[in-house]
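Visitor: Kindly generate the corresponding structure for this input.
(chains A and B)
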Amino acid sequence: MTDTTANGHAHDRGHEQTVAHVSTDQHQEHPIRVYLIVWGWLFVLSACSYLVDYVHLQGILRWSLILIFMVLKAGLIVAVFMHMMWERPALSYAILLPPVAVLVFVAIMVFESDYTALMRMTFFGGGP
Amino acid sequence: MAETTMAHAAHATARPDGLKGIAADWSSDQRAFKNVSWGKAMMWIFLLSDTFIFGCFLLSYMTARMSTTVPWPNASEVFGLHVGGVSVPLLLIAIMTFVLISSSGTMAMAVMQGYKKNRKASAILMLATAALGATFVGMQAFEWTKLISEGVRPWGNPWGAEQFGAAFFMITGFHGTHVTIGVIFLLIIARKVWRGDYDTGQRGFFTSRRGQYESVEIMGLYWHFVDLVWVFIFAFFYLW
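Guide: Numbers count the residues shown, from 1 in each chain, chains lettered A, B, ... in the order given. Presented below is the predicted three-dimensional model:
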């Protein structure tokens, strides 16, 4: 790379590119079998979550099954298809921890909407 | 300079893992992401911000649904289809889910073929991904048309709580926009791979930088994220 450069400045840039190349050379290359197995599981889990609706499960069983299948699918996609399980923890923690703030926000809004519903039922006569 | 380069690279491969690795990588004298290029890191950070956007959409939908005193329309019936006189609940949504998961699989294969420098295979798999994505958007357009003709509006609908339409159009519309943008970029990257831009080091039309096959993986990150968001929309909006 450096033998094609014409002056000192370009010479330095050539080295910078070498550094970048060395530090990013580790491809995310994994056997096709891993992808096919995960792909198959995604189909199975999607079919299962559709069946939850199809057979009219209700109540806590329905909600827990929906959440379990959702979390499993999301986890498989992030971990394998997006290669998160092979990344260094410095990246995966930086990306996967902040969404916990959304869960905190959800918890706050659960209390808020319960309060709003209570106010509506108290002052607007409980709907239709 | 060359010696320090080599020393740095050798040092980078021998860094600690686990929690100690996080502390070591994020230390003030370090570059935080050791084996991740800036392109991939920035795509991840963009996806994180997108996570917050979709997270806020879904939790405002939750707030509207929990706080209304009017019954919420039954998604299982609203999105049902009549096939040969039989009413099948959520049929179109189920097909859309399988289409999107298939596209995620073809995208993962395209990334793999790209790193193996199988240009044609990678480009064809990406075109297949784009075709499945376009199919998804087409089915979504059909779904929107059906619901609008049945009288669903952002301010009301025939079956119950008025916020149903607003949440539906906002969430699925934003997701459909993401899929559409993804299809456009898939076509652009597939063309570059097919021509061999990443082998000849041709400069890109927008940034004028030489691309690498890592661009296919970064494209894949975006596409898998679109699928990931659909997993949550499917669970919370259609099944709940």
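Visitor: which residues in chain A form helices?
Guide: Using DSSP state H, the helices of chain A run over A:8-23, A:32-54, A:59-76, A:89-96, A:100-123.
Visitor: Would you format these as JSON lines with mean pLDDT and distance to chain B included?
Guide: Backbone N, C-alpha and C define where each C-beta goes, glycine included. JSON lines is the format used below for these (pLDDT from 0 to 100; distance: least, C-beta to the nearest C-beta, whole Å):
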{"stretch": "helix A:8-23", "mean pLDDT": "42", "distance to chain B": "4"}
{"stretch": "helix A:32-54", "mean pLDDT": "92", "distance to chain B": "4"}
{"stretch": "helix A:59-76", "mean pLDDT": "93", "distance to chain B": "4"}
{"stretch": "helix A:89-96", "mean pLDDT": "92", "distance to chain B": "4"}
{"stretch": "helix A:100-123", "mean pLDDT": "94", "distance to chain B": "4"}
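Visitor: quick one, which of those is packed in tightest?
Guide: Among the helices of chain A, ranked by average contacts under mean count of other C-beta atoms under 10 Å in any protein chain shown, first place goes to helix A:89-96 (a mean of 18).
Visitor: what comes into contact with it?
Guide: A:78, A:84-85, B:17-19, B:21-22, B:25-26, B:32-34, B:36, B:41, B:44-45, B:47-48 (C-beta atoms under 8 Å, 6 or more residues apart in numbering or on different chains).
Visitor: repeat that for 10 Å
Guide: Residues outside helix A:89-96 that contact it (C-beta atoms under 10 Å, 6 or more residues apart in numbering or on different chains): A:78-79, A:82-88, B:15-26, B:30-36, B:40-41, B:44-45, B:47-48, B:51.
Visitor: Which of the residues you listed are buried, as a PyMOL select command?
Guide: Filtering the contacts of helix A:89-96 down to the buried ones (16 or more other C-beta atoms under 10 Å in any protein chain shown) takes a single PyMOL command:
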select buried, (chain A and resi 78+82+83+84+87+88) or (chain B and resi 21+22+25+33+34+35+36+40+41+44+47+48+51)
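Visitor: thinking again about what came up before, tell me which of the helices of chain A sits nearest to B:Leu92.
Guide: Taking C-beta to C-beta, helix A:32-54 is the member of the helices of chain A nearest to B:Leu92, at 11.7 Å.
Visitor: Can you spell out which helices and strands pack onto the closest one?
Guide: In terms of contacts (3 or more C-beta pairs under 10 Å, 6 or more residues apart in numbering or on different chains; DSSP states H and E), helix A:32-54 is packed against helix A:59-76, helix B:75-78, helix B:91-115, helix B:214-233.
Visitor: Just send the helices of chain A back as TSV, with distance to B:Ile171 too.
Guide: Shown next, in TSV, are the helices of chain A (distance: least, C-beta to C-beta, whole Å):
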stretch	distance to B:Ile171
helix A:8-23	39
helix A:32-54	18
helix A:59-76	15
helix A:89-96	22
helix A:100-123	15
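Visitor: among these, which is nearest B:His175?
Guide: It's helix A:59-76; of these, that one is closest to B:His175 (C-beta to C-beta) at 14.7 Å.
Visitor: Specify the angle between the closest one and helix B:214-233 in degrees.
Guide: Put simply, helix A:59-76 runs at 180 degrees to helix B:214-233, going by axes from the mean of the first three to the mean of the last three C-alpha atoms, to 10 degrees.
Visitor: CA-only coordinates of helix A:59-76, as PDB, when you get a sec.
Guide: Only the C-alpha atoms of helix A:59-76 are listed here, as PDB (Å, rounded to 0.1, in the frame of the first residue of the first chain):
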ATOM      1  CA  GLY A  59     -55.800 -15.100  30.200                       C
ATOM      2  CA  ILE A  60     -52.400 -15.500  31.800                       C
ATOM      3  CA  LEU A  61     -51.500 -18.500  29.600                       C
ATOM      4  CA  ARG A  62     -52.000 -16.600  26.400                       C
ATOM      5  CA  TRP A  63     -50.000 -13.600  27.500                       C
ATOM      6  CA  SER A  64     -47.200 -15.600  29.000                       C
ATOM      7  CA  LEU A  65     -46.900 -17.800  25.800                       C
ATOM      8  CA  ILE A  66     -46.900 -14.700  23.600                       C
ATOM      9  CA  LEU A  67     -44.200 -13.100  25.600                       C
ATOM     10  CA  ILE A  68     -42.100 -16.300  25.800                       C
ATOM     11  CA  PHE A  69     -42.200 -16.900  22.000                       C
ATOM     12  CA  MET A  70     -41.500 -13.200  21.300                       C
ATOM     13  CA  VAL A  71     -38.500 -13.100  23.600                       C
ATOM     14  CA  LEU A  72     -37.100 -16.400  22.100                       C
ATOM     15  CA  LYS A  73     -37.500 -15.100  18.500                       C
ATOM     16  CA  ALA A  74     -36.000 -11.700  19.300                       C
ATOM     17  CA  GLY A  75     -33.100 -13.400  21.200                       C
ATOM     18  CA  LEU A  76     -32.300 -15.800  18.300                       C
END
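Visitor: Could you tell me the least trusted of the helices and strands packed on helix A:32-54?
Guide: Lowest mean pLDDT within the helices and strands packed on helix A:32-54: helix B:75-78, at a mean of 85.
Visitor: Is there any residue in it that contacts chain A?
Guide: Yes: residues of helix B:75-78 contacting chain A under C-beta under 10 Å from any C-beta of the partner chain: B:75-76.
Visitor: Ok, which of the helices and strands packed on helix A:32-54 comes nearest B:Trp240?
Guide: For those, proximity to B:Trp240 was assessed by C-beta to C-beta; helix A:59-76 is nearest, at 6.6 Å.
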